[in-house]
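> pasting the structure only:
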C-alpha cells in the first residue's frame, strides 16, 4: 500500500514488530529505514528488552535519517513504575537534503501504520535525544 504523496509502502514486518514491542514488550526499540530502491519502510535494527537507551542512541546513524520507536521505562515522582512508547523522527543536519525530504514527506503515513505510541520527538542532532529530554517528555 503505497502512500500517494510519497509513494512509500510500509513493510508488514514494521507493524508486526511494533505490535510485539507494544503488546508483549518483546523489544526495547526498533529502528526503521526507508529503502529508496524499493520505496518501502523496513525494519533495520531491533533492540532486545535488556538493551539500554545508550544502545538505542548508538544505533542511529550519525549522517542518515531514520524513524524509530523506543519503549521508555521510568519512575514518576510518586514512585510509580511507568512506560511510554516514543516515536522518534531522526533527521540529522548532516544528512542529505533528499533524504530529509523523503523522511519528512513519508512520516505522517508511517505514523498512522504504528498506532499506539504516546510521545513524538523530532531530532536533528544527538543533544535533542538526551536522556533529560526523553525524561522531560515522558512525564
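Thanks, I have it. None of the values given here were measured: they were computed from a predicted structure. Numbers count the residues shown, from 1 in each chain.

> where does this protein dip in pLDDT?
Using pLDDT under 70 as the threshold, the predicted model of the chain has low-confidence ranges 1-7.

> And the residue nearest the centre of it?
In the chain, the C-alpha closest to the average C-alpha coordinate belongs to residue 68, at a distance of 1.4 Å (CA atoms, centre = their mean).

> immediately after the helix or strand hosting that one, which helix or strand?
For residue 68, the element it lies in under DSSP states H and E is strand 66-75. Sequence-wise, the next helix or strand downstream of strand 66-75 (DSSP H and E) is strand 81-90.

> Can you tell me how far the residue in the chain sticking out farthest from the centre is from residue 133?
No residue in the chain sits farther from the centre than residue 78, which is 28.1 Å out by CA atoms, centre = their mean. When distances are taken as CB to CB, to the nearest Å, residue 78 and residue 133 turn out to be 22 Å apart. Glycine gets a C-beta too; all of them are placed from N, C-alpha and C.

> picking that back up, in contact with the residue nearest to the centre of the chain, which residues?
When contacts are counted by CB atoms under 8 Å, 6 or more residues apart in numbering, residue 68 is found next to 29-32, 56, 59-60, 86-88, 90.
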